[in-house]
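A.B. asks: Below are the sequence and a predicted model for it; my questions follow.
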Amino acid sequence: MNSKTADHEVSFPDVSSLETDARDENKEKLFSEEKLSYSETSDTESFKCELPHSGQSGSNGRGKSQPGPPVIEVINVKKSYTLGDMEVPILSDVNLTVYAGEFLAIMGPSGSGKSTLMNLIGFLDRPTEGKILIKGRDIIKLSDKEVARLRGLEIGFIFQTFNLIPRLTALENVELPTYANSREGVDTRKRAKELLDMVGLADRMHHKPGELSGGQSQRVAIARALINDPAILLADEPTGNLDSKTGCEILGMFARLNKDGRTIIMITHDPEIAKYADRVVLVKDGIIQSNTE
Ligand SMILES: Nc1ncnc2c1ncn2[C@@H]1O[C@H](COP(=O)(O)OP(=O)(O)O)[C@@H](O)[C@H]1O
Ligand SMILES: [Mg+2]
């Protein structure tokens with residue numbers, strides 16, 4: 001993979017000021033079984049997953065400082081797909097502000113438009129109408145190349161099915177996003193190793209996804225999402241393919257990343273999962289139905 005584009009070769013002057021709020025490097029291990037308390041009732045699927053808390057009081061019992069300024073603003077957004085001659089509306093008039101340092105859950109039943117909304121927030125797709133701002137910048141005014149660079153540096157994606165490349169090792173998978181975009185002066189190989197160590201996979205670095213469990217694969221995906229030190233983590237049903245105990249581990253990692261200042265937007269259909277966020281936004285039939293603090 002020698003086709004890596006160095007930071008300075010991509011002309012994108014606007015992004016430099018977005019890189020000024022680098023979060024503290026978290027050298028602490030994100031994965032630690034003893035930090036997680038987990039219990040399961042035998043008769044139901046429900047589980048109790050106790051996430052680490054700081055000892056202060058907070059709406060979710062974990063305690064944290066107040067969220068900062070808006071990082072994402074979705075303003076009067078509509079999204080429809082054209083199927084043949086028909087325009088099929090998916091999202092209608094969505095307004096949502098996500099603040100720096102928030103742990104937000106976007107919850108709704110299957111088919112309600114959650115992934116469509118996540119794709120818009122992550123600039124993987126563009127709205128049919130309306131505006132999306134990241135840190136006050138209107139992405140609709142940027143070129144595809146500029147949007148790709150902004151996305152590559154400022155947003156880390158985590159998917160239900162992990163989306164790892166099977167023929168690459170864990171280490172290569174973590175490094176992969178840096179071949180398209182990377183921050184100047186970062187030793188990406190070193191950072192990828194540190195991140196794998198942080199998620200408890202130092203000894204699995206050279207394993208391929210087929211040799212890893214679901215939980216380990218999702219931990220690799222979290223390390224990959226963090227490789228360019230993004231301000232925002234976008235996770236679409238991140239525990240959907242995991243058993244309850246492993247899902248609890250992943251939620252614990254999100255809680256710690258959020259406590260360290262990273263903004264987390266987690267999509268889920270499951271109210272039991274959504275309750276670990278600070279704020280839950282309900283999406284139904286393409287409309288945001290409630291916005292609970
Ligand atoms: N590319 C597409 N073209 C047409 N319809 C789509 C497309 N992507 C999603 N949809 C439709 O949009 C609706 C919402 O999908 P999605 O956002 O994936 O829902 P969720 O993630 O909440 O399950 C569904 O009815 C789905 O079939
Ligand atoms: Mg979905």
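C.D. replies: Perfect, I can see it now. Residues are numbered from 1 along each chain as shown. Ligands and ions are numbered 1, 2, ... in the order given.
A.B. asks: Quick check on Gly68: phi, psi?
C.D. replies: Torsion angles at Gly68 (phi, psi; degrees, to the nearest 10) stand at phi -90, psi -150.
A.B. asks: Val98 is in contact with that one, correct?
C.D. replies: No: counting by CB atoms under 8 Å, Gly68 does not reach Val98; the two are 10.7 Å apart. The C-beta positions use only the backbone N, C-alpha and C, and glycine is treated the same way.
A.B. asks: For the residue nearest to Glu73 when sequence neighbours are not counted, the count of nearby residues, please.
C.D. replies: Of all residues not flanking Glu73 in the chain, Leu133 sits nearest, at 4.2 Å (CB to CB, 6 or more residues apart in numbering). Counted by other CB atoms under 10 Å, the residues lying close to Leu133 total 16.
A.B. asks: Now do Leu133 against ligand 2, distance only.
C.D. replies: 23 Å (CB to the ion, to the nearest Å).
A.B. asks: What's the first helix or strand after the host helix or strand of that residue?
C.D. replies: Secondary structure assignment for Leu133, by DSSP states H and E: strand 129-134. Using DSSP H and E, the helix or strand that follows strand 129-134 in sequence is strand 137-138.
A.B. asks: Skipping adjacent residues, who's closest to Ala231 in space?
C.D. replies: Nearest to Ala231 is Glu154, by CB to CB, 6+ apart, at 5.3 Å.
A.B. asks: wouldn't the one you found be in contact with Leu233 here?
C.D. replies: No: Glu154 is beyond contact range of Leu233, at 10.5 Å (criterion: CB under 8 Å).
A.B. asks: just to revisit the earlier point, what about the residue nearest to Ala231, neighbour count?
C.D. replies: Neighbour count for Glu154, taken as other CB under 10 Å: 23.
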